[in-house]
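Asker: Coordinates for the following, if possible.
(6 chains)
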Number of protein chains: 6
Amino acid sequence: MKFISVGEILVRFSPQNYEKIVQASAFNVNYGGAEVNVAVSLVNLGVDTSVFSVVPDNSLADAALKYLKSNGIDTRHIKRSGERLGTYYLEEGVSIRPSEVIYDRKHSSICEVDPDSIDYEQLLQGFDWLHISGITPALSENCRILTERILKSAKALGITVSFDPNFRGKLWSFDTSRDVLSEYMQYVDILVGIEPIHLKDENGKELKDGLSMNPDINTMDTIFRKLNEKYKFKAIARTVREVHSSTNNSLKAYLHIGDKTYESKKINFDIVDRVGGGDAFTAGLIYGLMKNFEPQKTIDFAIASSAIKHTIRGDANLSSKKQIDSFMTRGFEIKR
Amino acid sequence: MKFISVGEILVRFSPQNYEKIVQASAFNVNYGGAEVNVAVSLVNLGVDTSVFSVVPDNSLADAALKYLKSNGIDTRHIKRSGERLGTYYLEEGVSIRPSEVIYDRKHSSICEVDPDSIDYEQLLQGFDWLHISGITPALSENCRILTERILKSAKALGITVSFDPNFRGKLWSFDTSRDVLSEYMQYVDILVGIEPIHLKDENGKELKDGLSMNPDINTMDTIFRKLNEKYKFKAIARTVREVHSSTNNSLKAYLHIGDKTYESKKINFDIVDRVGGGDAFTAGLIYGLMKNFEPQKTIDFAIASSAIKHTIRGDANLSSKKQIDSFMTRGFEIKR
Amino acid sequence: MKFISVGEILVRFSPQNYEKIVQASAFNVNYGGAEVNVAVSLVNLGVDTSVFSVVPDNSLADAALKYLKSNGIDTRHIKRSGERLGTYYLEEGVSIRPSEVIYDRKHSSICEVDPDSIDYEQLLQGFDWLHISGITPALSENCRILTERILKSAKALGITVSFDPNFRGKLWSFDTSRDVLSEYMQYVDILVGIEPIHLKDENGKELKDGLSMNPDINTMDTIFRKLNEKYKFKAIARTVREVHSSTNNSLKAYLHIGDKTYESKKINFDIVDRVGGGDAFTAGLIYGLMKNFEPQKTIDFAIASSAIKHTIRGDANLSSKKQIDSFMTRGFEIKR
Amino acid sequence: MKFISVGEILVRFSPQNYEKIVQASAFNVNYGGAEVNVAVSLVNLGVDTSVFSVVPDNSLADAALKYLKSNGIDTRHIKRSGERLGTYYLEEGVSIRPSEVIYDRKHSSICEVDPDSIDYEQLLQGFDWLHISGITPALSENCRILTERILKSAKALGITVSFDPNFRGKLWSFDTSRDVLSEYMQYVDILVGIEPIHLKDENGKELKDGLSMNPDINTMDTIFRKLNEKYKFKAIARTVREVHSSTNNSLKAYLHIGDKTYESKKINFDIVDRVGGGDAFTAGLIYGLMKNFEPQKTIDFAIASSAIKHTIRGDANLSSKKQIDSFMTRGFEIKR
Amino acid sequence: MKFISVGEILVRFSPQNYEKIVQASAFNVNYGGAEVNVAVSLVNLGVDTSVFSVVPDNSLADAALKYLKSNGIDTRHIKRSGERLGTYYLEEGVSIRPSEVIYDRKHSSICEVDPDSIDYEQLLQGFDWLHISGITPALSENCRILTERILKSAKALGITVSFDPNFRGKLWSFDTSRDVLSEYMQYVDILVGIEPIHLKDENGKELKDGLSMNPDINTMDTIFRKLNEKYKFKAIARTVREVHSSTNNSLKAYLHIGDKTYESKKINFDIVDRVGGGDAFTAGLIYGLMKNFEPQKTIDFAIASSAIKHTIRGDANLSSKKQIDSFMTRGFEIKR
Amino acid sequence: MKFISVGEILVRFSPQNYEKIVQASAFNVNYGGAEVNVAVSLVNLGVDTSVFSVVPDNSLADAALKYLKSNGIDTRHIKRSGERLGTYYLEEGVSIRPSEVIYDRKHSSICEVDPDSIDYEQLLQGFDWLHISGITPALSENCRILTERILKSAKALGITVSFDPNFRGKLWSFDTSRDVLSEYMQYVDILVGIEPIHLKDENGKELKDGLSMNPDINTMDTIFRKLNEKYKFKAIARTVREVHSSTNNSLKAYLHIGDKTYESKKINFDIVDRVGGGDAFTAGLIYGLMKNFEPQKTIDFAIASSAIKHTIRGDANLSSKKQIDSFMTRGFEIKR
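Answerer: Residues are numbered from 1 along each chain as shown, chains lettered A, B, ... in the order given. Below is the predicted model:
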């Protein structure tokens, strides 16, 4: 199975030791982006993985690619054009203090890429699985065209498509994103997260509006079934996060597949690095589906993958399959 | 409203990463002091703020002033004389290990200042609010004279006076401090913390002796009323801290104002930096009183201000009013 | 009372800030080893302490000895021969992520020491207490001979011997270690930890097999009595650890002495550094026995010593007796 | 004398310890910009100093302002609008390896400011000296309008204007910049650096083209006189830098004033931080002119100010007048 | 052209900030080894590059491979067996203080590899150039067999072979190494460094014994010709290093090719990281030969490559061809 | 030979990476003091060494003693009384920027020690060599009494006394120090440094006044002879330092012994840490005299010891005799 994800490579700057941005004399730098994070998590599980993105021709972009290559990702498809990498500043929250984000990602290379400059079918040649998220069409009109074309090409080539809507309120409105993303659902096989996707009843009322942030399995089963009626997915999954503090959360997830809904274990954990937690879930889910795990094992593996990610610095889950399996079966003691 | 606080600027040296002092090859340096911390927390809420202190003419004192100026504090009234800044070493506690403090603050510039060298009424000209604490008179005989004179001058000028008794057992005895500070109460409008202040019944028995560290609202109401009978404050407040470990505490507070006692929410939090937690409460309280918040909102704002401070490195709460408000109404998730 | 411990001095390399080994660009270095850790913890309690070990003649070994000397340990008995210090890499676990250890301790100076090159009786001359652990005989055939000879010499000289079986599955099998270590029990006065030591019933069934990891006091009392019947110890102790996460554990302990079993308080704590936690327990226990504390105070002191160690960086408990006493009687607030 | 400088506040990211950008896991952050650097250097000499700039309303901009305020700069005139601070990445050169710069300063708040939104005469009210550089008009069309208007307003108000052409080849071409900047010369009193400014002979040939990078005093005198004939400056100065390596340079300077050219001492130095070296020269020059130093003392003070800056981390010379004077008269030994 | 180098991957531990080993509380970690360094330097010049080595199956080895992969090296041929990576401790010299090295590389995976377990011809399939050094046969008897077999296979396959004798006095004696390495010369096309290789006159006297460390071109020409008479190389090169201090050296080099000897420019530089300086020379030389540069350009490129390496942290030259070309033609100023 | 030095243990705080004090957010901490530095340098050469000092009973003092013990110094004679360790802040100079020192050493434990509380003869029992410096009597009246009594006791016990006048202008005036120290010369055997000691001609003119900072050997020989005539030393030595920049110096030294003056080699070096350079010279000199080296070897060893110290972080020369010998005979290359 050859996997490719498509999206923006972002530079993350974060103050050290829980300093506030106004206190920082240095920033840690991490390279990521939602789709990249899925790829890095997946390559560490042993999957043959590529990333498509657009980055400028400078040494900061070289550093980003170096990070991808160090994990074993094939970076040959990455296009070099434009003038800047998108960046953002993350003041990491701790205890009762929330994280704060400053986006500085406009005018990035991928935002300004000419969608006609890419041969989508050639790009996807030889891949079995495409992952893409709702962030890319939110970046710019160019990116919206790019997203649509790549989804259509994947469909045409018979490639399995997973899609994470990943709503970003700092980039576009909920209503716009719902309209745009819902159109993409016809090309999508695996949906990861259920918002913002239209799901109206016969009266045009959005069925998911007002849904609890922590729904029970029956509620989710109903929603999943209606989504499936409308969009015909192979699988739908979503996580449920309980935020006890900025540095302590609990996670569980639901997976609907084969006409049945499964609920994962719930895991509570202290957080070392919150970024990429959802992407590690997606990677775990894709892995389970790729390897035809039993549904219950798939969703448990995905939630374990996500939980462990929160204890690892950087944007991606660097754990091997063996480490995740070991976490799923044993405790925390030093082995020596 | 123009605010001034008066007190010692202290240098804090603390080992990094929870090392013990005997392990440290470097110390983090922070500038603070109880009254300075109130000022820095208050200026970050948007109040026009000055500090009066006495520091030597060397570059360590320059660094301390630089910290004040960076926060927007007016440092023009600070007197430069004497030979040293007071310093202390803080081995920060963690988990079940307590913090340890070594004071090295004798003979500091403010300890040795000539109280006759200051024109108190001129110094206070133009200010609306004076904050002072019980640490200053504990420092030296000179400082005791200075404290008394500044309180009298404030009274004469009709300036609102807030006072935090802030007992320091390493500087003086409980009995001496109670005798000295109680004399100051005639000049005080807002009392923050209720010890060590005399409150005797008709038989000369101290009513607060043996009071629970975690009293209920009725007990506190009784005490507050008796304090008010004796000293006629505009408001009295105190915090109640539950110490679950060196790095996890809970806080709530009581406020007595307008003949009624209010109890804040209780907040539990992990601690990043314990120093200045009480001073951030005082700043929040003063802010609420300055802005004529409702009493319940005032005490909730003050306790939120204190709780958030515990998650911020350094001695002061660098949060804006907007950030504290946001904490009071929402959770901890990254916004992006 | 003059104390000596015998064992390997190990170099610990660990990534900083909970990075994984694959992420690290620098490693913190700590010097330790189970028996060394007991010695360092004990010297900080005020006991006259020596270490016997074998290290090469290079500056890394000089650094290790510098660490011992800085704590006041007499290093004059340490033999310099061979070519390397044993090392290991510790990826410190955090939250739900477990620690991982890579051993690189083969061919170390102590592994390859000629056991005939040491005059055991002369080495032990003047000491009152010898501590040794089950790690040393696991290192090499040479070390097994050395261990046996030193135990015999101690017995001959009437020195009190404490022994911590300290099973290491990466060094030898449970069965081999049980056979070897059980033979040593005839020389041992104080046993710290009860595995892997033979304790068969009349049918040859191992009585401790299948014992709960968290046994109640009655069960432990029975086991202790049977161990005593067989091996005639002066005292036996063991800890019980509950692992809530890699960075939060609870500990309690049992002590059997004078025909009675005592149970310590249970202490819950967040972990700063997990290594040497058991060794700090042993040191606290030895100290209590040396000073003839009451049994209940002995086991409480030992468990407090262990708990505090988990909050201190490095391999040993640097707390003074006064600090442990203070922890046993008071809370966590800053004193100032 | 009240001083104001106008220009962009830039964020500098540089890898630590001479790492290359592709190696960096953290970047040091410094706030600066040519005109800001002049202001910070000048305020440290004791001059009453303001900065005008345009920055977004986020905490990274707060951090930049905090830096200015910590030095005592009045930041009240700074306008908050737009979306980003300009940034750049500096891979600091060392020994024979050159520095490399990646600019990411397009679309910054000042680039996109509406020049009509500023009341230039009101802004400049009360100031005696305006400093501006050729970088600002290179940023955007808006900035070009802003620059011209502010120069005209300064002229109208009789404010002394100093101007540093500061050619930046990454922002515009030499020819364009020469055309634009030469037009500004009518408003300029003090010119710091002589390129890119038109200086044609009667045949239209540029007299400065082909000028040695290290001209002698006679050559410079001729050039200065011709510039003065054309543009009527009060003073012209320029530095001459010999680059022995990325971390060792020599500097001297020429000053033309009162119809005479002066040459400073030449100073050789190792470099700690190269950025802002020229701006510290400008600040020293402005200070000497403000204080009516003798011309020779002025140019020596300016070159000393620049040389010392190269030994100070960050973008500006934090030295006091006393420290620069002391450097000009004595050596390097510790005083104790 | 496809390149492969064969050798040990070493872990380097070095104290930070020029501390001595006895002072260090942390060590920087770098991955390298002479042949690996050549490969990393070469891949950064754009050459398709592989490494063959033997490493254990643990995360420290994963980290080493991650470093190779991040640079774009193909690591698929690396064999995972054995128990440890070779390590060494480098106390970096500075000024007049020399560096000190502690080797801990015995018993490493490559030392203990079974030379029969490798199919040499299959391994080398598809490669055009093999690089190997005299360190590998010095490691163990197994490695000596491996070295000989791989050289023979390369010869059989018509692969160009470059060889760096790289004498290591801590691994074997000069005499033994000279005997062993001289035997390899029949398989070698490019010799980099001339010791320890037999070159006897008719009387059996070693002609190179007593040769100046800084020979003139005529002397070198004579030696090169005699070496060529005996061993028939395509090219021979050597560097000449003048050590002014631990942190300041000069380098030049000689190249003999096409019956003529060429002398490079001499470059003086301050040193940031001394390790891999010679390997960067080798990589530059190989690159020039691969690309058929003129001999003078080849040797100048190689010496520039080496000189720049000394200013880059880590074991390899991360400079691109463009950066080396730029260094060869221009100076050190910041471009902005 | 058993050695003891007597003096103050000072805490040095210095900003990291050549930051100025006003920029520092952390300070490196080093423990030293002139006499302590001599002791630490000497113990590293293999001499049995003790220190006498007075320190408070707190953990900062514990850390200082830990540093001494780690080097192998016997700290049993150190008295614990008083309230503080003397401290100072060192802004380390670099390139053309000079170092700056802020002393905060008044009221330290040794300053306030009761000179009657010490039994001087008992303290010195068993020692062969006492070293003391002119800093101690400069600290306080108590210390002046202590210094005099210890010198007299040493004389009475026949102990060899070395004395370094070590004038500190921040502690006392040149004239006072000259009067006080000259009185001590009757007890001194080895004088290290010649100021401030009276040396008047028959007319009462001070012969050393106006002496060049870099005198030739004949001048020094004359001065040494006259000093000897007056004070009858066993040996006199002094260093001559050329300060090329804050981070590059040259050193040589003169030694007068056995009626002859010897001049050492001159060594130029870059500086890593300037503090303790003179004390390392003194230690080297004492070592040479203790071991009865030839005079020329003694002075060369002393100057090499001092030069190498400048490349080592901290206050003392941690080099072994072997390392200094090696430096005296060889160059700077890595041995591997």
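Asker: and stretch A:257-270, how far out from the chain's middle?
Answerer: 17 Å (C-alpha atoms, centre = their mean, to the nearest Å).
Asker: Is it positioned near chain C?
Answerer: Yes: using C-beta under 8 Å from any C-beta of the partner chain, we find that stretch A:257-270 touches chain C at A:267, A:269-270. Every C-beta, even on glycine, is put in place using the N, C-alpha and C of the backbone.
Asker: Sitting in strands, which of those do you find?
Answerer: Using DSSP state E, the members of the residues of stretch A:257-270 next to chain C that fall within strands are A:267, A:269-270.
Asker: I'd like to know which of the residues you listed is nearest to residue D:119.
Answerer: residue A:270 (53.1 Å; C-beta to C-beta).
Asker: Quick check: the closest one touching residue A:246?
Answerer: No: using C-beta atoms under 8 Å as the test, residue A:270 is too far from residue A:246 to be in contact (10.6 Å).
Asker: Near chain E, which residues of the stretch 1-150 of chain A? Just list them.
Answerer: So the stretch 1-150 of chain A meets chain E at A:66-67, A:69-72 (C-beta under 8 Å from any C-beta).
Asker: Just the buried ones from those residues, in ChimeraX syntax?
Answerer: Remark: buried members of the residues of the stretch 1-150 of chain A next to chain E, expressed as a ChimeraX selection using 16 or more other C-beta atoms under 10 Å in any protein chain shown:
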select /A:66,67,69,70,71,72
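Asker: With distance to chain F as extra columns, can I get the residues of the stretch 1-150 of chain A next to chain E in TSV?
Answerer: Below are the residues of the stretch 1-150 of chain A next to chain E laid out as TSV (distance: C-beta to the nearest C-beta, whole Å):
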residue	distance to chain F
A:66	26
A:67	26
A:69	30
A:70	28
A:71	32
A:72	32
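Asker: tell me the contacts of the closest residue to residue A:248 other than its chain neighbours?
Answerer: Excluding the flanking residues, the one nearest residue A:248 by C-beta to C-beta, 6 or more residues apart in numbering or on different chains is residue A:270, at 5.4 Å. Neighbour list for residue A:270: A:247-248, A:310-311, C:94-96, C:245, C:247 [criterion: C-beta atoms under 8 Å, 6 or more residues apart in numbering or on different chains].
Asker: and what of residue A:237?
Answerer: By C-beta under 8 Å, 6+ apart, the contact set of residue A:237 is A:190-193, A:253-256, A:281, A:285, A:299, A:302.
Asker: can you do 6 Å?
Answerer: A:192, A:255, A:285 (C-beta atoms under 6 Å, 6 or more residues apart in numbering or on different chains).
Asker: Next step: those residues restricted to strands.
Answerer: Among the contacts of residue A:237, the residues falling in strands (DSSP E) are A:192, A:255.
Asker: Would you mind measuring from residue A:119 to chain F?
Answerer: From residue A:119 across to chain F, the span is 50 Å (C-beta to the nearest C-beta, to the nearest Å).
Asker: Ok, residue A:319 next?
Answerer: 34 Å.
Asker: again with residue A:326
Answerer: Distance from residue A:326 to chain F, by C-beta to the nearest C-beta: 39 Å.
Asker: what helix or strand does that residue sit in?
Answerer: For residue A:326, the host element (DSSP states H and E) is helix A:321-329.
Asker: Also residue A:241?
Answerer: strand A:235-245.
Asker: ok, that strand: who's next to it in the sheet?
Answerer: Using DSSP bridges, the strands paired with strand A:235-245 are strand A:190-192 (parallel), strand A:248-257 (antiparallel).
Asker: Would you indicate which residues of it are buried?
Answerer: Under 16+ other C-beta under 10 Å, the buried positions of strand A:235-245 are A:235-241, A:243, A:245.
Asker: From the contact counts, what lies against the one helix or strand in chain A whose mean pLDDT sits lowest?
Answerer: The helix or strand of chain A with the poorest confidence is helix A:321-329; it has a mean of 93 (mean pLDDT, DSSP states H and E). Under the contact criterion of 3 or more C-beta pairs under 6 Å, 6 or more residues apart in numbering or on different chains; DSSP states H and E, helix A:321-329 touches helix A:295-309.
Asker: related to what we said a few turns ago, could you save the strands paired with strand A:235-245 as JSON lines and add columns showing mean neighbour count, mean pLDDT and distance to residue B:102?
Answerer: Converted to JSON lines, the strands paired with strand A:235-245 look like this (neighbours: other C-beta atoms under 10 Å in any protein chain shown; pLDDT from 0 to 100; distance: least, C-beta to C-beta, whole Å):
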{"stretch": "strand A:190-192", "mean neighbour count": "25", "mean pLDDT": "98", "distance to residue B:102": "54"}
{"stretch": "strand A:248-257", "mean neighbour count": "22", "mean pLDDT": "98", "distance to residue B:102": "33"}
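Asker: my guess is residue A:296 contacts residue A:261, does it?
Answerer: No: Residue A:296 is beyond contact range of residue A:261, at 10.9 Å (criterion: C-beta atoms under 6 Å).
Asker: quick one: which of the two has more around it?
Answerer: residue A:261 (22 against 15; other C-beta atoms under 10 Å in any protein chain shown).
Asker: The more buried one looks like it's in a strand, true?
Answerer: Yes: read with DSSP: H, G, I helix; E, B strand; the rest coil, residue A:261 is one of the residues of a strand.
Asker: on that earlier part again, make TSV from the strands paired with strand A:235-245 and add distance to residue F:120 to it.
Answerer: Listed next are those as TSV, based on distance: least, C-beta to C-beta, whole Å:
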stretch	distance to residue F:120
strand A:190-192	81
strand A:248-257	62
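Asker: re the thing from before, chain F: which of the contacts of residue A:270 is nearest?
Answerer: Nearest to chain F among those is residue A:247, at 23.3 Å by C-beta to the nearest C-beta.
Asker: wouldn't the closest one be in contact with residue A:93 here?
Answerer: No: Residue A:247 lies out of contact with residue A:93 (C-beta under 6 Å); the separation is 7.3 Å.
Asker: These two: who's more crowded?
Answerer: Between residue A:247 and residue A:93, counted using other C-beta under 10 Å, the more crowded position is residue A:247 (24 against 21).
Asker: Name the nearest residue to the more buried one, ignoring sequence neighbours.
Answerer: residue A:271 (4.7 Å).
Asker: Kindly tell me how buried the one you found is, as a neighbour count.
Answerer: 22.
Asker: With residue A:120 instead?
Answerer: With other C-beta under 10 Å as criterion, residue A:120 counts 20.
Asker: what does residue A:74 give?
Answerer: Residue A:74, neighbours per other C-beta under 10 Å, totals 17.
Asker: who touches residue A:139 in this structure?
Answerer: Residue A:139 neighbours (C-beta under 6 Å, 6+ apart): residue A:111.
Asker: so who does residue A:100 touch?
Answerer: Contacts of residue A:100 by C-beta under 6 Å, 6+ apart are residue A:91.
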